[in-house]
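Enquirer: here is a sequence together with a model predicted from it:
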Amino acid sequence: MKKRGIQSRDVAAAKAETLIEALPWINKMYGKTFVIKYGGSAMEDKELCARVVADIELMKLMGVRVVLVHGGGKAINALLKRLDVPVKFKDGLRVTDPDTMEAVREVLIGKVNQELVWALNEYGHNAVGISGADGKTLKAEVVDPELGRVGRVREVDTNLINTILDDGYIPVVASVGCAPDGFLNINADAAAGKIAEAMGADKLIYLTDVDGLLEDVNDPESLIAQMSRAETHELLDSGKLDGGMIPKIRSVASALDSGVQEVVIVNGKADHSLLLEIFTDEGCGTMFTQD
């Protein structure tokens, strides 16, 4: 039953104003293709995940073609700890021996992917889960023998993803690639970037655990609101980046070089950060644009 009264009317009016503000953005975004990389704490926390999934579903209802690409680093670490398998990283990439590769497949394809598909399908018949090995979507090659079964995306076949989109579903892609000799572990940031490039995506969004790119990692107030393609390359060459931010910014630069118009890093732990970025005047996070 609807509530009546002046106070309820004022609340409803505020909501209506929000919708009016979003109207030109909805019109602008209709039919666009967005690739969203999802990971970190925003995916591990069930309540946060439910809010992000609701935002994605609303985007779909508003006519945005959404491709969701995910990792699952924390869940992989948890399984490896239970299996007593050492966890090692080099330049932000997970060192992946055969045992680790088995754990990556089990977590990404068998657990995380299916949980995201289930969450999206709570709103209807909305999502189909695949890995990069399905339909040879992510054809990859070994990056460095010292990293083991870590792959670099050599080619993206978008046929399966486009078929899923054209049938009215959201493709949920686990970042596992295929090579002639088996499966490869693909960094999810890099996988999302390569998919965005191959699809000619209008926007690539990284949902992460921070508000965006910080000038000083110890100062949350030092958020960089916007960077050009040239500035992004300068940052990569500066040596200031470390850890997981290296492959992330590398994939940002590659996506811009390949013609993606906008790349955004936003905090997936903030309420409705996706909607604020896409459907409001203010936006949030760090936006990377062409020069």
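Expert: Sure, I can see it.
Enquirer: could you look up the SS state of the residue most central in space within the chain?
Expert: By C-alpha atoms, centre = their mean, the mean C-alpha position of the chain lies nearest to residue 37, the distance being 0.6 Å. Secondary structure for residue 37, judged by DSSP: H, G, I helix; E, B strand; the rest coil, is strand.
Enquirer: kindly report the same for residue 77.
Expert: What three-state DSSP gives for residue 77 is helix.
Enquirer: what's the residue nearest to the centre of the chain in contact with, if anything?
Expert: 69, 70, 71, 188, 189, 191, 192, 204, 205, 206, 207 (C-beta atoms under 8 Å, 6 or more residues apart in numbering). Any C-beta I mention is one placed from the backbone N, CA and C, and that applies to glycine too.
Enquirer: the nearest residue to residue 54 once chain neighbours are set aside: neighbouring residues, count only.
Expert: In space, and not counting its chain neighbours, residue 54 is closest to residue 123: 7.5 Å by C-beta to C-beta, 6 or more residues apart in numbering. Applying other C-beta atoms under 10 Å, we find 15 residues neighbouring residue 123.
Enquirer: and if you look at residue 214?
Expert: Residue 214 has 16 nearby residues by other C-beta under 10 Å.
Enquirer: quick one, what contacts the residue nearest to residue 54?
Expert: With C-beta under 8 Å, 6+ apart, residue 123 has these contacts: 53, 54, 57.
Enquirer: just give the nearest non-adjacent residue to the last one, would you?
Expert: By that I understand residue 57. residue 123 (4.6 Å).
Enquirer: repeat that for the first one.
Expert: Nearest-residue entry for residue 53: residue 119, 4.6 Å, with adjacent residues in sequence omitted and distances by C-beta to C-beta, 6+ apart.
Enquirer: next SSE after the strand or helix carrying that neighbour?
Expert: Using DSSP states H and E, residue 119 sits within helix 113-121. Sequence-wise, the next helix or strand downstream of helix 113-121 (DSSP H and E) is strand 127-131.
Enquirer: what comes up buried for that following strand?
Expert: Within strand 127-131, the residues that count as buried by 16 or more other C-beta atoms under 10 Å are 127, 128, 129, 130, 131.
Enquirer: for the first one, which non-adjacent residue is closest in space?
Expert: Pointing back at residue 127 there. Here the residue nearest residue 127, using C-beta to C-beta, 6+ apart, is residue 120, at 3.7 Å.
Enquirer: tell me which residues touch that neighbour, please.
Expert: 53, 56, 57, 68, 126, 127, 170, 172.
Enquirer: what residues of the one helix or strand the first one maps to count as buried?
Expert: It refers to residue 53. Remark: residue 53 resides in helix 46-61, with elements defined by DSSP H and E. Neighbour counts over helix 46-61 (16+ other C-beta under 10 Å) mark 48, 49, 51, 52, 53, 54, 55, 56, 57, 58, 59, 60 as buried.
Enquirer: what's the neighbour count on the closest residue to the residue nearest to the centre of the chain other than its chain neighbours?
Expert: Closest residue to residue 37 apart from its sequence neighbours, by C-beta to C-beta, 6+ apart: residue 192 at 3.6 Å. Using other C-beta under 10 Å, residue 192 is surrounded by 31 other residues.
Enquirer: export stretch 200-208 to CSV, keeping only CA atoms.
Expert: Extracted C-alpha coordinates of stretch 200-208, given in CSV (Å, rounded to 0.1, in the frame of the first residue of the first chain):
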residue,chain,number,x,y,z
GLY,A,200,34.7,-1.6,-29.0
ALA,A,201,33.1,-0.9,-25.6
ASP,A,202,31.9,2.6,-24.9
LYS,A,203,33.1,2.3,-21.3
LEU,A,204,35.3,0.1,-19.2
ILE,A,205,34.7,0.2,-15.4
TYR,A,206,36.9,-1.3,-12.7
LEU,A,207,35.1,-1.9,-9.4
THR,A,208,37.8,-2.0,-6.8
